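Novice: predicted model and sequence below, questions to follow.
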Number of protein chains: 2
Amino acid sequence: MSAGPLPTIHEVARLAGVSVATVSKTLNRSGKVSELLQERVNAAARKLGYAPHASARSLRSGATRILGLLVADLANPYFLKLVESIERLSSAAGYSVILCNSAEDPEREERHLAMLLSQRADGAIVIPTRRGWSGRQAALANLPMPGILVDRRIEGLDLDSVTTDNLALGRLAAEHLDDLGHRRIAVIMGSPEHQIARHRLDGLRSGLAARGITLDERLIEKDNFSEAAGHAAAMRLLRGAQRPTAIFATNNHLSLGLLRAIAESGLTIPDDLSIIAVDEPPWAGLVRPGMTVVTQPFEAIAQTTISTLLSRISEGRAGVEDEARSIQLQPALVVRGSTAAIRT
Amino acid sequence: MSAGPLPTIHEVARLAGVSVATVSKTLNRSGKVSELLQERVNAAARKLGYAPHASARSLRSGATRILGLLVADLANPYFLKLVESIERLSSAAGYSVILCNSAEDPEREERHLAMLLSQRADGAIVIPTRRGWSGRQAALANLPMPGILVDRRIEGLDLDSVTTDNLALGRLAAEHLDDLGHRRIAVIMGSPEHQIARHRLDGLRSGLAARGITLDERLIEKDNFSEAAGHAAAMRLLRGAQRPTAIFATNNHLSLGLLRAIAESGLTIPDDLSIIAVDEPPWAGLVRPGMTVVTQPFEAIAQTTISTLLSRISEGRAGVEDEARSIQLQPALVVRGSTAAIRT
DNA sequence: CTTCAGTAGAAAAACGATTAACTAAGGTAA
DNA sequence: TTACCTTAGTTAATCGTTTTTCTACTGAAG
């Protein structure tokens, strides 16, 4: 609230008694400028509080040093962790992040993508919505800047992606539950149309199958990914004729619903029921005696995402038509008290 | 991944057979252009997939349609809700949001502020870190663009701000606890150097005083705002000689620590202890039988913030030196099962 | 003494939009 | 008919950088 118009490079040049070219070269450490003039320029810039005009610079240089981060669901703590890490890494690499939340709405996703295009972001990091609009494939494939999908892949789309190995994730859960002797295992899987949910379920199923156990299909709860759906599914399972001895919830919203249902029903973990969830939401510490989870390596995912994207950006039009990289990172099992051997 | 360089306004003009000025006027609905030419221009733009170059536009017009959002702590669910709302409202108003997380680190705050300056954001929304760096007051006061503080105010700084009335918040808690007959009331307040914490405590104290009750100063736990600190403080209170009948935790991290301590100690809410917290974190539903809280009106805060900021932006250099607005919004008490009348 | 290389710095041309100033054409009024 | 408005378009200046090209100067070699 105050201060007149900002100084331009011309005023710095005038104060330092040099040309604008010299100022530019000094400030960007490009080209040759004598020590003496460098000092004069820096002093002048400091004195005036000069801050280069990013738009002018981008217009001329063609790079904005802006990354677009388009997230499907900011309310999911796992995505939030990704956002935090990505923001930190981008900032450290000298990039600013334009944050967009599509809130699982394809229309908002589309509008945001168009905006990022207008802004000429140097790259786009996209956690896509579960259901796309009609032209999404094309819109993403024809993105004029490097783009990368995170967490969720889109089938048949030739774009870099970094995801968790969700089959392995399901298998980890399977092996752990089998080790504890569980046989009546339920899954709250979310929407069966969603690839991630299917993979986690398939991983569980195949992990169990490898141990000679068949997953009871009647104990697979399918609906959407909301907390309410998780709660309702859990209630059905807990009240069902044959209550499962273990429940696997495949996402944060679902597991929160599950935990709420358990709290309401007065059951004791892990005596009455073992539960295993995905990721570590902030509230994991509230579950006594600790929550067993399969975690996704969010920090590694963020790092891989940024480094892949930045290298694509620096390749520029050079390393053209190098085909898309699909990177899968491994989840890890963290055993705590919410799972236990079944009573015999 | 593909697609050559993007079309410019010149190519649209050439395809439509008109001048660039006509294209610009058509696309911006400024100036007079005949129906016929408008259609030709729009068709050409659509055909080429033209997207105006934001940097070029900003350079010429002086406005970037970018807002900076500098948040002190992305991990706090309350701030996250603010971020979500602000992003949604900004986007609806045609502004993009550059998200910066200072993570309570003054250095990062400073760097981000400098970056927003370089980007020439049209406005800055700042949730400042708790402790500033030496030149912060000046840096914020001399911000060349409109700025607004959210949630936390900085004393002696002439800048618009939108905050919760934290004295009222404390008073709401006081009145509720008094209504239930509580006398041994503890507070996990966080750092006493932090204005918000002091206000909430003062509100509680004065609210109780108005009912003729004196707050026992020995039951005020002071430390920092981390979950660990909340947990430790709760442990001290629960193990103390005279266990309080009610605990007031003044922030999300602290209340999570408190809940964890209660879970570990095996106490029953609200029979053994009443608790009242601030805001509704996602995990509030896990507390049986529901968590009594004083909530901050985050949606109203976001709306007020955006509308105030946008009006400052449109005032421009016109409404100069209109003095800073300090807007306080009212919290609300939401009574659930975690507070109950004390047993007599 | 002349010529040539090498170097530090300046001048000027972009980048892609907006917009003020201008022009041509058509319509009115005197 | 002439002078004058209006209207619809065009031309060209401009925003603040980066970067290519150009100039002037220095010192060395012939």
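Specialist: Right, received. Where do you want to start? Numbers count the residues shown, from 1 in each chain, chains lettered A, B, ... in the order given.
Novice: the helices in the stretch 201-344 of chain A, which residues?
Specialist: Assigned by DSSP state H, counting those that start in this stretch, the helices in the stretch 201-344 of chain A fall at A:227-239, A:252-265, A:298-315.
Novice: can the last one be found next to DNA strand D?
Specialist: The reference is to helix A:298-315. No: residues of helix A:298-315 contacting DNA strand D under CB under 7 Å from any atom of the strand: none, with a closest distance of 14.0 Å. Every C-beta, even on glycine, is put in place using the N, C-alpha and C of the backbone.
Novice: mean confidence (pLDDT) on that helix, please.
Specialist: Helix A:298-315 carries an average pLDDT of 96.
Novice: tell me what that helix is packed against?
Specialist: helix A:77-92, strand A:123-126, strand A:147-150, strand A:160-164, strand A:326-329 (3 or more CB pairs under 8 Å, 6 or more residues apart in numbering or on different chains; DSSP states H and E).
Novice: give me that answer again for 6 Å
Specialist: Other helices and strands packing on helix A:298-315, by 3 or more CB pairs under 6 Å, 6 or more residues apart in numbering or on different chains; DSSP states H and E, are helix A:77-92, strand A:147-150, strand A:160-164, strand A:326-329.
Novice: could you do the second one as well?
Specialist: Contacts defined by 3+ CB pairs under 6 Å, 6+ apart place helix A:252-265 against helix A:227-239.
Novice: got the contact list for the helix it packs on?
Specialist: Residues from elsewhere that reach helix A:227-239 (CB atoms under 6 Å, 6 or more residues apart in numbering or on different chains): A:186, A:188, A:221, A:223, A:244, A:253-254, A:256-258, A:260-261, A:265.
Novice: swap in stretch A:27-36?
Specialist: A:22, A:25-26.
Novice: so how far is the first residue of that stretch from its last?
Specialist: For stretch A:27-36, the first and last residues are 14 Å from each other (CA to CA, to the nearest Å).
Novice: give the buried residues for it.
Specialist: Along stretch A:27-36, these residues count as buried under the neighbour rule (16 or more other CB atoms under 10 Å in any protein chain shown): A:27, A:33.
Novice: run the contact check for it versus DNA strand D.
Specialist: Yes: remark: stretch A:27-36 sits within contact range of DNA strand D at A:27-28, A:30-31, by CB under 7 Å from any atom of the strand.
Novice: please export the C-alpha coordinates of the helix or strand bottoming out on mean pLDDT in chain A as CSV.
Specialist: For chain A, the helix or strand with the lowest mean confidence is helix A:136-141, at a mean of 87 (criterion: mean pLDDT, DSSP states H and E). Taking Å, rounded to 0.1, in the frame of the first residue of the first chain, the C-alpha atoms of helix A:136-141 are listed here in CSV:
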residue,chain,number,x,y,z
ARG,A,136,-9.3,-34.9,-22.1
GLN,A,137,-7.0,-37.4,-23.7
ALA,A,138,-6.4,-35.0,-26.6
ALA,A,139,-6.1,-32.0,-24.4
LEU,A,140,-3.4,-33.6,-22.3
ALA,A,141,-1.7,-35.3,-25.2
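Novice: in that helix, what counts as buried?
Specialist: A:136-137, A:139-141.
Novice: just send the residues you listed back as JSON lines, with distance to DNA strand C too.
Specialist: Shown next, in JSON lines, are the buried residues of helix A:136-141 (distance: CB to the nearest atom of the strand, whole Å):
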{"residue": "A:Arg136", "distance to DNA strand C": "24"}
{"residue": "A:Gln137", "distance to DNA strand C": "26"}
{"residue": "A:Ala139", "distance to DNA strand C": "19"}
{"residue": "A:Leu140", "distance to DNA strand C": "22"}
{"residue": "A:Ala141", "distance to DNA strand C": "22"}
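Novice: among those, which one lies nearest to B:Asp179?
Specialist: Set against B:Asp179, the nearest of those by CB to CB is A:Arg136 (54.3 Å).
Novice: which residue comes closest to that closest one once chain neighbours are left out?
Specialist: A:Pro106 (7.0 Å; CB to CB, 6 or more residues apart in numbering or on different chains).
Novice: give me the number of residues near the one you found?
Specialist: 18 (other CB atoms under 10 Å in any protein chain shown).
Novice: what's the answer for A:Arg198, then?
Specialist: A:Arg198 has 18 nearby residues by other CB under 10 Å.
Novice: and stretch A:254-273, how far out from the chain middle?
Specialist: Once both centres are worked out by CA atoms, centre = their mean, to the nearest Å, stretch A:254-273 turns out to sit 28 Å from its chain's centre.
Novice: identify the residues contacting it?
Specialist: Contacts of stretch A:254-273 (CB under 6 Å, 6+ apart): A:188, A:190, A:227, A:230-231, A:234-235, A:238, A:249, A:277, A:338-340, B:285-286, B:288.
Novice: go again using 8 Å as the cut-off
Specialist: A:188, A:190, A:225-235, A:238, A:243-247, A:249, A:275, A:277-278, A:281, A:283, A:287-289, A:337-340, A:343, B:282-283, B:285-288 (CB atoms under 8 Å, 6 or more residues apart in numbering or on different chains).
Novice: tell me the buried residues in that stretch?
Specialist: Neighbour-count burial for stretch A:254-273 [16+ other CB under 10 Å]: A:254-264, A:269-270, A:273.
Novice: enumerate every residue touching A:Ala210.
Specialist: Applying CB under 8 Å, 6+ apart, the residues contacting A:Ala210 are A:171, A:174.
Novice: switch the cut-off to 10 Å
Specialist: A:171, A:174-175, A:178 (CB atoms under 10 Å, 6 or more residues apart in numbering or on different chains).
Novice: how many neighbours does the residue lying closest to A:Asp158 once chain neighbours are set aside have?
Specialist: Leaving aside its chain neighbours, A:Asp158 sits nearest to A:Ala324 (4.9 Å; criterion: CB to CB, 6+ apart). When neighbours are counted by other CB under 10 Å, A:Ala324 registers 13.
Novice: circling back: closest one of the buried residues of stretch A:254-273 to B:Ser91?
Specialist: Lowest distance from B:Ser91 to the buried residues of stretch A:254-273 (CB to CB) belongs to A:Leu256, with 26.9 Å.
Novice: so what's the gap between the host helix or strand of A:Ala43 and the chain middle?
Specialist: Assigned by DSSP states H and E, A:Ala43 belongs to helix A:35-48. Relative to its parent chain, helix A:35-48 has a centroid offset of 43 Å by CA atoms, centre = their mean.
Novice: would you mark the buried spots in that helix?
Specialist: For helix A:35-48, a neighbour-count test (16+ other CB under 10 Å) marks A:37-38, A:40-42, A:44-45, A:48 as buried.
Novice: quick one: the nearest residue to A:Gln242 once chain neighbours are set aside from chain B, how far?
Specialist: Leaving aside its chain neighbours, A:Gln242 sits nearest to A:Arg184 (6.5 Å; criterion: CB to CB, 6+ apart). A:Arg184 sits 25 Å away from chain B, going by CB to the nearest CB, to the nearest Å.
Novice: check contacts around A:Arg184.
Specialist: Counted by CB under 10 Å, 6+ apart, A:Arg184 has contacts A:216, A:219, A:242-247, A:342.
Novice: gap between it and B:Val23?
Specialist: Noted for A:Arg184: a distance of 67 Å to B:Val23, by CB to CB, to the nearest Å.
Novice: run a quick neighbour tally on the closest residue to A:Gln328 other than its chain neighbours.
Specialist: Distances taken as CB to CB, 6+ apart put A:Asp165 closest to A:Gln328, at 4.3 Å, once the chain neighbours are dropped. Neighbourhood size, A:Asp165 [other CB under 10 Å]: 18.
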